[in-house]
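*Asks:* One predicted model, sequence on top.
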Amino acid sequence: MYNELDNWHKIYNPCQFEKNICLKNRKDNTINGCCPTCKLNTAVGCSIRSLGCKLFLCQEAYNNLSNEAKEKYLNLKFMISDLKLYIELNYQID
Ligand code: SF4
Ligand code: SF4
């Protein structure tokens, strides 16, 4: 699922990073996208593969997507919600 989202990002490039400055950062005059204060952020990017982080899009990035990209994003989002529900219903995590 993570890889599918990653591929979607590669195809549609929603955050449009240029030198660690994303679409929204360019408006806000900040850097490092959504991760400026996260301890898992390194000089070469995120040190883990977080599905939650990969799924997140700010309103700025979402609004900038084509209809096709939005449709594929929403499909992936629903699939992840279904997967989460399946895990919650079938596995008890202590
Ligand atoms: S989701 Fe928004 S704030 Fe986060 S990296 Fe993408 S454009 Fe930047
Ligand atoms: S876990 Fe990774 S992607 Fe998520 S906020 Fe931290 S550095 Fe960013």
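*Replies:* That came through fine. Ligands and ions are numbered 1, 2, ... in the order given.

*Asks:* In which helix or strand does the spatially most central residue of the chain reside?
*Replies:* The chain has residue 54 as the residue nearest its centroid, 2.8 Å off, counting by C-alpha atoms, centre = their mean. If you go by DSSP states H and E, residue 54 is part of helix 51-55.

*Asks:* Check which helices and strands that helix sits against.
*Replies:* Where contact means 3 or more C-beta pairs under 8 Å, 6 or more residues apart in numbering; DSSP states H and E, helix 51-55 is packed against helix 2-12, helix 67-90. C-beta coordinates here come from the backbone N, C-alpha and C atoms, glycine included.

*Asks:* before we move on, back to that, what about the closest residue to the residue nearest to the centre of the chain other than its chain neighbours, distance to ligand 2?
*Replies:* Leaving aside its chain neighbours, residue 54 sits nearest to residue 5 (4.6 Å; criterion: C-beta to C-beta, 6 or more residues apart in numbering). According to C-beta to the nearest ligand atom, to the nearest Å, residue 5 stands 12 Å off from ligand 2.

*Asks:* Wait, residue 5 touches residue 51, no?
*Replies:* Yes: between residue 5 and residue 51 there is a contact under C-beta atoms under 8 Å: 7.2 Å.

*Asks:* So these two - more neighbours on which side?
*Replies:* residue 5 (20 against 13; other C-beta atoms under 10 Å).

*Asks:* what about stretch 40-55, start to end distance?
*Replies:* The first and last residues of stretch 40-55 sit 17 Å apart, counting by C-alpha to C-alpha, to the nearest Å.

*Asks:* How about stretch 14-21?
*Replies:* Span of stretch 14-21 from end to end, C-alpha to C-alpha: 13 Å.

*Asks:* Could you pull out the buried residues of that stretch?
*Replies:* 14, 15, 21 (16 or more other C-beta atoms under 10 Å).

*Asks:* ok, now how distant is residue 86 from ligand 2?
*Replies:* Residue 86 sits 24 Å away from ligand 2, going by C-beta to the nearest ligand atom.
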